[in-house]
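> Quick one, what's the 3D model for this:
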Amino acid sequence: MAGRLTQAELMTLVTSRVSRRVLDELIEFISAKDPHLWGAIKPRSFLVSTLLMVLYHDLYAVGFQKIVKRAKLEFRPSDKALIHNAGIIRHLLSKWADSVIQLGGINDWNRSVANVRIPKELEGTCLWIDSTDFPKQRYRGWSKKGVDFSPKLNRPGRRYLVLADGLGKVRAVFGGYSPKIFDGHALLILKRWFEEKLQGAGVIGDQHFDWGGKKLNNVKFFTPFKNPPNSSEEKKMANAFVLTKEQQKFNNKLSRLRARIETPFAWIKKRFATLSNPWAEHEDLMDPVVMFAMAVYTKSKREM
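Numbering: from 1, shown residues only. I've put the predicted structure just below:
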């Protein structure tokens, strides 16, 4: 994208992907924290311009050095200062996300499905669960045996587990962690949290969350029946069975219900280019960006 980046241009680019209402809320939130940012000259526009540059980087995946080269502001930022300030800003954006993503309780979750047509077989469903992997840049020595290798992406990545309600609002985010940790293993690690925090809830997920339906107390998991293996040899080894018509119908109803809720992952990857492209910075810096993106998505659902 050619041209100089004035504050007005940055504002236009950012608000084409993040609503102006959210941006105004972010400016107020961060201003109240009075962060100690690097800068030899700090005009009144300094904090807002810095925030816009950081958001522009994460929304469009434009490098900090390129942003500094193209910036036409009331001050001249250095790429070193901008990178340092980005870490502080992202930390604050994550704090803002914590105020947006609220777990709530059973009454909140049940209200979220008031207008959702739920089949009798899935009655009690009020939360949806899924995980996603965001890609990381390949590095010297990476391999499929590495703890950060994602089979979903066929490259290094970082995994996040997400709970959403019937309106699509994100209620909880766990991660990032190794993509080698399967969804069932994640539930095992979080067993106490799920049993204490989600008492009375019905949670719908794919086959990967079958462990929750078998092992968790106080919370009910709805997952599809597993299809039998394809090859005759596999069938013999697994002593496989054929799904009944009732089980097939159940799987179809569950699949349609899961599909009804717009997943936040596609929405986020479409708007936050730095998450849809391989992450080039330290992986710990990905976590606050993912949390912030999830909160922006949740805000978008509330504004609808």
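> Domains in the chain, by residue range?
Following the assignment in automatic domain parsing, the chain carries domains at 7-100, 106-261.
> tell me which residues of stretch 99-114 are tucked away?
Residues of stretch 99-114 classed as buried by neighbour count (16 or more other Cβ atoms under 10 Å): Val100, Ile101, Trp109, Asn110, Ser112, Val113. Using the backbone N, CA and C atoms, a C-beta is placed for each residue, glycine as well.
> what's the answer for stretch 167-187, then?
Taking 16+ other Cβ under 10 Å as the basis for neighbour counts, the residues of stretch 167-187 that come out buried are 167-173, 175-177, 179, 181, 183, 186-187.
> For the strand or helix carrying His84, give me every contacting residue.
Here His84, judged by DSSP states H and E, is contained in helix 79-100. Taking contacts as Cβ atoms under 8 Å, 6 or more residues apart in numbering, the residues outside helix 79-100 that touch it are 25-26, 29-30, 33, 35-39, 50-51, 53-54, 57-58, 64-65, 67-68, 285, 287-289, 291-292, 294-295, 298-299.
> got the buried residues for that helix?
Buried residues in helix 79-100, counted by 16+ other Cβ under 10 Å: 81-83, 85-86, 88-90, 92-94, 96-97, 100.
> still on that earlier bit, lowest-confidence stretch among the domains of the chain?
Among those, domain 106-261 carries the lowest mean pLDDT, at a mean of 91.
> quick one: Ser94 and Ile30, what's the gap?
12 Å (Cβ to Cβ, to the nearest Å).
> Oops, could you answer that again for Asn107 instead?
Asn107 sits 33 Å away from Ile30, taking Cβ to Cβ as the criterion.
> just Cys126 next, same as before
In this structure, Cys126 and Ile30 are separated by 34 Å, where distance is defined by Cβ to Cβ.
> re the thing from before, looking at the buried residues of stretch 167-187, which are in helices?
Among these, the residues falling in helices (DSSP state H) are Asp183, Ala186, Leu187.
> returning to what we had before: now the helix holding His84 - C-alpha only, CSV.
Taking C-alpha atoms only, helix 79-100 is exported to CSV below (Å, rounded to 0.1, in the frame of the first residue of the first chain):
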residue,chain,number,x,y,z
ASP,A,79,11.4,1.3,14.7
LYS,A,80,13.2,0.3,17.9
ALA,A,81,10.9,2.6,20.0
LEU,A,82,7.8,1.4,18.1
ILE,A,83,8.6,-2.3,18.7
HIS,A,84,9.1,-1.5,22.4
ASN,A,85,5.9,0.5,22.6
ALA,A,86,4.0,-2.3,20.7
GLY,A,87,4.8,-4.7,23.6
ILE,A,88,3.3,-2.3,26.1
ILE,A,89,0.3,-1.5,24.0
ARG,A,90,-0.4,-5.2,23.3
HIS,A,91,-0.2,-5.9,27.0
LEU,A,92,-2.9,-3.2,27.6
LEU,A,93,-5.0,-4.5,24.8
SER,A,94,-5.0,-7.9,26.4
LYS,A,95,-6.1,-6.3,29.7
TRP,A,96,-8.9,-4.6,27.8
ALA,A,97,-9.8,-8.0,26.3
ASP,A,98,-10.1,-9.5,29.9
SER,A,99,-12.8,-6.9,30.6
VAL,A,100,-14.7,-7.9,27.5
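> Thanks again, I'm all set now.
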